[in-house]
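[1] Structure here, sequence nowhere to be found:
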């Protein structure tokens, strides 16, 4: 009996993820060429930093998960490569495609052998890794890239309805990646406690509102003081990284990998909330959102003050327009917080941590017995209790303890699910 269910919708989303990955590579190449043709070398430098840095970070996590002791490659695509060849693929920034190919292969096998639910479990486990890798790429490439694009558009005074729609679409894509991560977390819930579609809709909305407000505030500040946005990121990241370090996370299987994970979570938190510890995190969440809201207010206030007191060659912003923009950005963040409160009040199963799928439990149906003949004093095992048999007893029945029902599940994602549903 399988633990997870890998539906045709999951397979479709996985294939779409691969298509969008290839499309994203094409769009990134087009953006690089455009910056070069326009001789916007500063923007080109930041864009290449985001693209290369994100790719290296994603490949590093992928390789670490493959290299850990106990890691088992279940698909033919993965098994046909030696450890050295797999490492070469990651060095060449191609490891993510191996994972996509593995998920597609095991998904097809699960559909062809419908009676074997093990393939479904493996497909879900591999897909869990992909969902986290997409999330890493989202916050290390897509989010900072959108800030860069918006800042350049604002500097040039080229803001129009079409540009606004494009920016909203990009922010929606980021929120969708987070929602897909939420979908991966939901797969650990027992079937009778599965969250409905409305929970994902509300989850998407509050993430979209919070992320859009945060990205717009950073873009406004970067368009006004581009030299200081780097200092702002580094100072904020150091604070957030210190907080994650104090939480004593235990996600990776190596010390270096754990420090890399903490640094990456600090990057996540620069843009949006990400729960890294179990237990009640209401106080931590309140502190984080207060910190980010105060930062957004500060960034918007500085932009508003600069727009009013400084002449700009490409455009002119009136006092009323600047105030409306600043207040709107702050207001969107507050509305996002209200949606988040509604989600946790109406849809989030806070008591589901102990009921999550993926634990190894004894299966009583697998109990079996064996008859042994021996002489002398013997210990008879009955379940988990040891009973001393008489010395003159020659024949007795040895009860072997029940063997655990081995289940395929992603232990890393289950840790995150425990944090998410604690």
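    That came through, no problem. These numbers come from a predicted model, not from an experiment.
[2] Which stretches in this structure count as helices?
    If you assign secondary structure with DSSP state H, the helices in the chain sit at 8-37, 41-67, 76-79, 83-91, 95-112, 118-137, 143-156, 161-186, 197-224, 226-246, 255-271, 282-309, 319-346, 411-420.
[3] where does the stretch 1-150 of the chain have low pLDDT?
    Scanning the stretch 1-150 of the chain for pLDDT under 70 picks out the ranges 1-11, 13, 110-121.
[4] Could you identify which of the helices of the chain is most buried?
    Compared across the helices of the chain, helix 118-137 shows the largest average neighbour count, a mean of 23 (mean count of other Cβ atoms under 10 Å). The C-beta positions use only the backbone N, C-alpha and C, and glycine is treated the same way.
[5] between that helix and helix 95-112, how big is the angle?
    Taking axes from the mean of the first three to the mean of the last three Cα atoms, to 10 degrees, one finds that helix 118-137 is oriented at 150 degrees with respect to helix 95-112.
[6] Who are the packing partners of helix 118-137?
    Under the contact definition 3 or more Cβ pairs under 8 Å, 6 or more residues apart in numbering; DSSP states H and E, helix 118-137 sits against helix 8-37, helix 41-67, helix 95-112, helix 161-186, helix 411-420.
[7] rerun at 6 Å
    helix 41-67, helix 95-112, helix 161-186 (3 or more Cβ pairs under 6 Å, 6 or more residues apart in numbering; DSSP states H and E).
[8] Count the neighbours of residue 142 for me.
    Around residue 142 sit 21 other residues, with neighbours defined as other Cβ atoms under 10 Å.
[9] That one and residue 174 touch, don't they?
    Yes. Using Cβ atoms under 6 Å as the test, residue 142 is close enough to residue 174 to be in contact (5.5 Å).
[10] Any idea how far apart the tips of stretch 72-85 sit?
    In terms of Cα to Cα, to the nearest Å, the two terminal residues of stretch 72-85 are separated by 16 Å.
[11] and for that stretch, what are the contacting residues?
    For stretch 72-85, the surrounding residues in contact (Cβ atoms under 6 Å, 6 or more residues apart in numbering) are 101, 102, 105, 106, 122.
[12] Please apply the same query to stretch 51-61.
    Under Cβ under 6 Å, 6+ apart, the answer for stretch 51-61 is 28, 90, 93, 95, 133, 136, 137, 140, 141.
[13] 7 Å - rerun?
    By Cβ atoms under 7 Å, 6 or more residues apart in numbering, the residues outside stretch 51-61 that reach it are 28, 90, 93, 95, 96, 133, 136, 137, 140, 141, 260, 264.
[14] can you check stretch 336-344 too?
    Contacts of stretch 336-344 with the rest of the structure, by Cβ under 7 Å, 6+ apart, involve 199, 202, 203, 205, 206, 209, 210, 213, 289.
[15] same deal with stretch 144-161?
    Everything outside stretch 144-161 that qualifies as a contact, by Cβ under 7 Å, 6+ apart, is 43, 46-47, 50, 163, 167, 170-171, 215, 218-220, 222-223, 226, 314-315.
[16] at 8 Å instead, please
    40, 43, 46-47, 50-51, 163, 167, 170-171, 174, 215-216, 218-220, 222-223, 226, 229, 312, 314-315 (Cβ atoms under 8 Å, 6 or more residues apart in numbering).
[17] Please apply the same query to stretch 231-251.
    218, 221, 258, 261-263, 265-267, 269-270, 276-277, 295, 299, 412, 415-416.
[18] one more time with 7 Å, if that's ok
    221, 258, 261-263, 265-267, 269-270, 276-277, 412, 415.
[19] for stretch 290-309, same thing?
    With Cβ under 7 Å, 6+ apart as the contact definition, stretch 290-309 has outside contacts at 213-214, 217-218, 220-221, 224, 317, 319, 322-323, 326, 329-330, 333.
[20] again, only using 6 Å
    Residues from elsewhere that reach stretch 290-309, judged by Cβ under 6 Å, 6+ apart: 217, 220, 221, 224, 317, 319, 322, 326, 329, 330, 333.
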